[in-house]
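Undergrad: Following is a predicted model, sequence given first.
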Amino acid sequence: MNTNVWKVDKYVDNLENNPQVVDAANFLRENELVALPTETVYGLGGNAESDEAVAKIFAAKGRPGDNPLIIHIAERKQLNRFVTEVPPSAAKLMDAFWPGPLTIIFKKKEGALSEKATAGLETVAVRMPDHPVAIALLKTCGLPIAAPSANSSGKPSPTKAEHVLDDLNGKIAGVLDGGATGVGVESTVIDCTGTLPVILRPGGVTKEQLEEVVGEVREDAALKDQSARPKSPGMKYTHYAPNAPLFMVSGTRGFLQTLVEEKRGEGLRVGVLTTEENESFYEAELVLACGRRAELETVAASLYDTLRSFNQGKVDIIFSEIFPNEGVGHAVMNRLEKAAGHKLISE
Ligand code: TXA
Ligand code: MG
């Protein structure tokens, strides 16, 4: 399949009538797949009402069928078609954070969406992206769009159209190239179907920000266990992983550099994931700065691009600094832990 690349300037007026956006929307109406920029990462969009389109999403990504998709909408009124109720907590969160990097889980109305999109669950995850190109595409096609991150399953999520093409060229109808995304890590997923809202995935909106709006918010127990015991072996799956094994390092820069020396002594090519503040300290085959430690938003924004860049450098092993587990650093550490398969070396 030929994969179209439609370049779109997100700042131009009247994006809904932009020929590139109209072209892409037509493919979506024909149940073909289009990758689109959002404020978090690129999504792989398909018609959420169509089993055919949704099956193509799972096939293109190589995604396990029991992992449900997020439904993207442009207007709140679209919710009525596939959600049974909007609890007060969800209404407050939508007022505060939509459009934006927050996905809310609702109780699902049966029969309105492809069963495959929600993996047969009784709930549905919904978000309104804060990106002019995404909103224009959603409005132009007029459909709810199921969109997981537009990477092959297991790889880092794409923050640039090039990343999408690296993974999916020839497998999808096209990608709307709106430049690099902003937040860089995926949306926060919050379940509003119970008595208290529960964070299932940390992301662009922090727990602190959520609690300011709805009061107490819980975190999924599985999430807490993993971050409380990051050294536990045999974590079942690795996600966001670069090709070479990645180890998180807790300790001084000097300690990390001794680990580098040790592996270089064994004849290995070593990569270091650091930040601009510490970049010049390390000596290794490939030292990559991932934003600035003093501003964790910049680390989130370049994390996936940095993880992908290690694959071009042909390193055998990667050591990474770790980050404060607070604010958006919580999402950064959650993704880094997955990329490392929870391997941590402490000084
Ligand atoms: O920022 C984002 O959320 C990006 C952009 C493209 O919107 N999308 C994204 O989708 O990250 P994906 O498929 O990579 O991650 C969706 C997450 C998965 O962890 C999935 O298990 C969870 O949301 N999810 C979806 N529906 C759910 C449901 N009904 N209940 C619980 N979790 C759900
Ligand atoms: Mg994903």
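TA: Sure thing, it's come through. Ligands and ions are numbered 1, 2, ... in the order given.

Undergrad: So Val189: helix, strand or coil?
TA: Assigned with DSSP: H, G, I helix; E, B strand; the rest coil, Val189 falls in the strand class.

Undergrad: nope, Arg335 is what I was after
TA: helix.

Undergrad: Just give me the neighbour total for Arg76.
TA: The number of residues packed around Arg76, counting by other Cβ atoms under 10 Å, is 15. Any C-beta I mention is one placed from the backbone N, CA and C, and that applies to glycine too.

Undergrad: is it true that it touches Met128?
TA: Yes: here Arg76 lies in contact with Met128, judged by Cβ atoms under 8 Å, at a distance of 7.4 Å.

Undergrad: Name the residues contacting each of the two.
TA: Among the neighbours of Arg76, those also in contact with Met128 (Cβ atoms under 8 Å, 6 or more residues apart in numbering) are Met94, Trp98.

Undergrad: list the contacts for the residue lying closest to Trp98 once chain neighbours are set aside?
TA: In space, and not counting its chain neighbours, Trp98 is closest to Met128: 4.3 Å by Cβ to Cβ, 6 or more residues apart in numbering. Residues in contact with Met128, defined by Cβ under 8 Å, 6+ apart, are His72, Ile73, Ala74, Glu75, Arg76, Met94, Trp98, Pro99, Gly100, Ile135.

Undergrad: Which of the residues you listed sits closest to ligand 1?
TA: Distance to ligand 1 across the contacts of Met128 (Cβ to the nearest ligand atom) is lowest for His72, with 6.3 Å.

Undergrad: Would you confirm that the closest one contacts Ile135?
TA: No: between His72 and Ile135 no contact is recorded; they are 9.4 Å apart, counting by Cβ under 8 Å.

Undergrad: Give me the common contacts of these two.
TA: When contacts are counted by Cβ under 8 Å, 6+ apart, His72 and Ile135 are jointly contacted by Met128, Pro129.

Undergrad: Which one's more surrounded, the two?
TA: His72 (26 against 21).

Undergrad: May I have the beta-bridge partners of that one?
TA: Legend: beta-bridge partners of His72 under DSSP bridges are Arg127, Ile145.

Undergrad: Among the contacts of Met128, name the buried ones.
TA: Buried positions within the contacts of Met128, assessed by neighbour count (16 or more other Cβ atoms under 10 Å), are His72, Ile73, Ala74, Met94, Trp98, Pro99, Gly100, Ile135.

Undergrad: a markdown table for those, including distance to Gly46, pLDDT and secondary structure?
TA: Listed next are the buried ones among the contacts of Met128 as a markdown table, based on distance: Cβ to Cβ, whole Å; pLDDT from 0 to 100; DSSP: H, G, I helix; E, B strand; the rest coil:
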| residue | distance to Gly46 | pLDDT | secondary structure |
| --- | --- | --- | --- |
| His72 | 10 | 98 | strand |
| Ile73 | 14 | 98 | coil |
| Ala74 | 16 | 98 | coil |
| Met94 | 24 | 98 | helix |
| Trp98 | 22 | 98 | coil |
| Pro99 | 20 | 98 | coil |
| Gly100 | 22 | 98 | coil |
| Ile135 | 17 | 98 | helix |
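
Undergrad: For ligand 1, what is the nearest residue in the stretch 51-200 of the chain?
TA: Taking Cβ to the nearest ligand atom, ligand 1 has its nearest neighbour within the stretch 51-200 of the chain at Pro148, 2.9 Å off.

Undergrad: That residue: how many residues sit nearby?
TA: Under the neighbour criterion other Cβ under 10 Å, Pro148 is assigned a count of 23.

Undergrad: Okay, now the unreliable bits of the chain?
TA: 226-238 (pLDDT under 70).

Undergrad: How about the residues of it by ligand 1?
TA: Proximity of the chain to ligand 1 is confined to 38, 40-41, 43, 67-70, 101, 103, 105, 118, 121, 123-125, 127, 129, 147-149, 186-187, 189, 200-201 under the rule Cβ under 6 Å from any ligand atom.

Undergrad: Just want the phi and psi numbers for the nearest residue to the residue of the stretch 51-200 of the chain closest to ligand 1 once chain neighbours are set aside.
TA: Nearest-residue entry for Pro148: Leu69, 5.2 Å, with adjacent residues in sequence omitted and distances by Cβ to Cβ, 6+ apart. According to degrees, to the nearest 10, the main-chain angles of Leu69 amount to phi -100, psi 160.

Undergrad: Make sure Leu69 is actually in contact with Lys56.
TA: No: contact status for Leu69 versus Lys56: not in contact, 11.9 Å apart, counting by Cβ under 8 Å.

Undergrad: These two: which is more packed in?
TA: Counting neighbours by other Cβ under 10 Å for Leu69 and for Lys56 shows that Leu69 has the greater number, 27 against 20.

Undergrad: picking up where we left off before, closest to His342 among the contacts of Met128?
TA: Closest approach between the contacts of Met128 and His342, by Cβ to Cβ: Gly100, at 29.4 Å.

Undergrad: separation between the closest residue to that closest one other than its chain neighbours and Tyr282?
TA: Closest residue in space to Gly100, ignoring its immediate chain neighbours: Asp130 at 4.7 Å, by Cβ to Cβ, 6+ apart. Here the distance between Asp130 and Tyr282 works out to 36 Å (Cβ to Cβ, to the nearest Å).

Undergrad: Check Asn311 too.
TA: The span separating Asn311 from Tyr282 equals 19 Å under the rule Cβ to Cβ.

Undergrad: of the two, who's got more company?
TA: Set Asn311 next to Tyr282 and count neighbours by other Cβ under 10 Å: Tyr282 wins out with 21 against 15.
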